[in-house]
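Trainee: when you get a sec, could you give me coordinates for this:
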Amino acid sequence: MMAGRGSLAATGGPARHIPVMLSEVLAALQPKDGDIIVDGTFGAGGYAKAILDAADCKLIAIDRDAEAFRLAGELAAQVPGRLIAMLGRYSEMEAIAGSEGFTSADGVTLDLGVSSMQLDQAERGFSFAKDGPLDMRMGPEGPTAADLVNTLGEAELADIIYVFGEERRSRAIAKAIVARRAEAPITRTGELADIVTGVLGRKRDQAKHPATRTFQALRLYLNAELDELAEGLCAAERLLKAGGRLVVVTFHSLEDRIAKRFFASRSSAGPKGSRHLPDVGDEEFAPSFQLINRRPLEPSNDEIRGNPRARSARLRAGRRTEAPAHPLDLAALGVPGLRG
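Mentor: Residues are numbered from 1 along each chain as shown. Predicted coordinates for the structure are as follows:
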């Protein structure tokens, strides 16, 4: 931390928000004075505050959530000229950085999935722990989760729950949803959680709620989060200068699989083409990243005890080389063919 600069005050976000694997993120990112850093998933600002405390750098804070954007604006007021708050998707980071006059960045960090702030607000409809409207949208636009469960066909619902939730009993759950909505529209998170629990049952010592996979599936599909991840990783690849660092924290296997494939394909010389892309020259498939950690880092037992939401976190990171960015290939990165 720079001498003479105190730690930033809280932005007014939820008191229970605890940044996951914060020390590991900072160690992988290594922010330095004068750097341009992109925090593509600002959330409640935990990473952003720590990065700004660690070095006299500038930070572009992006989030598609209006509440996160408000909090980013509050933090920006505390550090005039050092933080730029932008409402948008992190897959748009090149255009967002360009609109502020930046053509490259020294670091990008992505903390994926739903934030503690979103989970803790019942009115956002992300969690079955607190009954609320069945919404689940990251931003204000588009259909809600209630629209999905009340309008999609049984087979399509089953496919979404199976592919995006990895739920083996997806067909039975979809059938129960269609049967219940025939009586009345499903509009509350508690209703949907009860429907899923009625299908799967719940053991007294069961650690994970039966509806976890179904809620995850609807959220991922609704917000096109896996497409966003693949496109965002490739955007970071294009934006980072040689020596720049990309740090990604994932929270479930679908996210981590995409991040793993991205870093694996970018850290070794790849084939000249695939069935999805035309042949390209060797130079375009030269390694565009050097891995910072060969295996994903996991939270310590102490962190998990203090913050149970950290238990599934995995951190992957890479350092940008001088090689050109690789083309975007959603299928090769493992993005499901279903689209939200």
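Trainee: sheet partners, orientation included, of the helix or strand where residue 84 lies?
Mentor: If you go by DSSP states H and E, residue 84 is part of strand 83-87. Each strand paired with strand 83-87, and its direction, by DSSP bridges: strand 58-63 (parallel).
Trainee: per-residue confidence averaged over the partner strand?
Mentor: Mean pLDDT, strand 58-63: 96.
Trainee: not counting the strand holding residue 84 itself, show me its contacts.
Mentor: 42, 48, 52, 58-64, 66, 69, 72-73, 75-76, 96, 100 (C-beta atoms under 8 Å, 6 or more residues apart in numbering). (Each C-beta comes from the backbone N, C-alpha and C, glycine too.)
Trainee: which SSE is immediately downstream of that strand?
Mentor: helix 93-99.
Trainee: run the chain-centre distance for stretch 46-61.
Mentor: When C-alpha coordinates are averaged (C-alpha atoms, centre = their mean, to the nearest Å), stretch 46-61 and its chain have centres 19 Å apart.
Trainee: then stretch 166-179?
Mentor: Using C-alpha atoms, centre = their mean, the offset of stretch 166-179 from its chain centre is 26 Å.
Trainee: helix, strand or coil for residue 44?
Mentor: coil (DSSP: H, G, I helix; E, B strand; the rest coil).
Trainee: what does the one 4 residues further on give?
Mentor: Judged by three-state DSSP, the three-state class of residue 48 is helix.
Trainee: and for it, the neighbour number?
Mentor: Neighbours of residue 48 under the rule other C-beta atoms under 10 Å: 29.
Trainee: low-confidence regions, the stretch 101-250 of the chain specifically.
Mentor: For the stretch 101-250 of the chain, applying pLDDT under 70 flags the ranges 113-128, 203-207.
Trainee: give me the three-state assignment for residue 168.
Mentor: Going by three-state DSSP: residue 168 is coil.
Trainee: name the nearest residue to it, ignoring sequence neighbours.
Mentor: The spatial neighbour of residue 168 that comes closest, neighbours along the chain excluded (C-beta to C-beta, 6 or more residues apart in numbering), is residue 162 at 7.7 Å.
Trainee: just residue 338 next, same as before
Mentor: residue 163 (5.5 Å).
Trainee: tell me which residues of the host helix or strand of that neighbour are tucked away?
Mentor: Assessed by DSSP H and E, residue 163 sits inside helix 154-165. Neighbour-count burial for helix 154-165, counted by 16 or more other C-beta atoms under 10 Å, picks out 157-165.
Trainee: reformat those as a markdown table; add distance to residue 112.
Mentor: A markdown table is the format used below for the buried residues of helix 154-165 (distance: C-beta to C-beta, whole Å):
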| residue | distance to residue 112 |
| --- | --- |
| 157 | 24 |
| 158 | 25 |
| 159 | 23 |
| 160 | 19 |
| 161 | 20 |
| 162 | 21 |
| 163 | 18 |
| 164 | 14 |
| 165 | 16 |
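Trainee: export the strand holding residue 84 as CSV, just CAs?
Mentor: These are the backbone C-alpha positions of strand 83-87, laid out as CSV (Å, rounded to 0.1, in the frame of the first residue of the first chain):
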residue,chain,number,x,y,z
LEU,A,83,-12.3,5.4,-10.4
ILE,A,84,-14.6,5.5,-13.4
ALA,A,85,-18.0,3.9,-12.8
MET,A,86,-19.7,2.5,-15.9
LEU,A,87,-23.1,0.8,-16.2
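Trainee: so what's residue 200 up against?
Mentor: With C-beta under 8 Å, 6+ apart, residue 200 has these contacts: 169, 173, 210.
Trainee: out of those residues, who's nearest residue 147?
Mentor: residue 173 (17.6 Å; C-beta to C-beta).
Trainee: how about that closest one: what's its closest non-neighbour residue?
Mentor: Nearest to residue 173 is residue 199, by C-beta to C-beta, 6+ apart, at 5.2 Å.
Trainee: buried stuff in the helix or strand where that neighbour lies?
Mentor: In this assignment (DSSP H and E), residue 199 forms part of helix 189-200. Residues of helix 189-200 classed as buried: 189-196, 199-200 (neighbour count, 16+ other C-beta under 10 Å).
Trainee: same check, this time on stretch 55-70
Mentor: So for stretch 55-70, counting by 16+ other C-beta under 10 Å, buried means 55-65, 67-69.
Trainee: mind listing the helices for this structure?
Mentor: 22-29, 46-54, 66-78, 93-99, 116-120, 145-151, 154-165, 170-181, 189-200, 212-222, 225-239, 253-266, 301-306 (DSSP state H).
Trainee: would TSV of those with distance to residue 328 be doable?
Mentor: TSV is the format used below for the helices of the chain (distance: least, C-beta to C-beta, whole Å):
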stretch	distance to residue 328
helix 22-29	24
helix 46-54	25
helix 66-78	26
helix 93-99	12
helix 116-120	27
helix 145-151	26
helix 154-165	20
helix 170-181	29
helix 189-200	34
helix 212-222	19
helix 225-239	5
helix 253-266	10
helix 301-306	34
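Trainee: looking at the ones you listed, which is closest to residue 330?
Mentor: Here helix 225-239 is closest among these (C-beta to C-beta), at 5.4 Å.
Trainee: quick check: buried residues in the closest one?
Mentor: Here helix 225-239 shows 225-237, 239 as buried, counting by 16+ other C-beta under 10 Å.
Trainee: before I go, just wanted to say thanks for your time.
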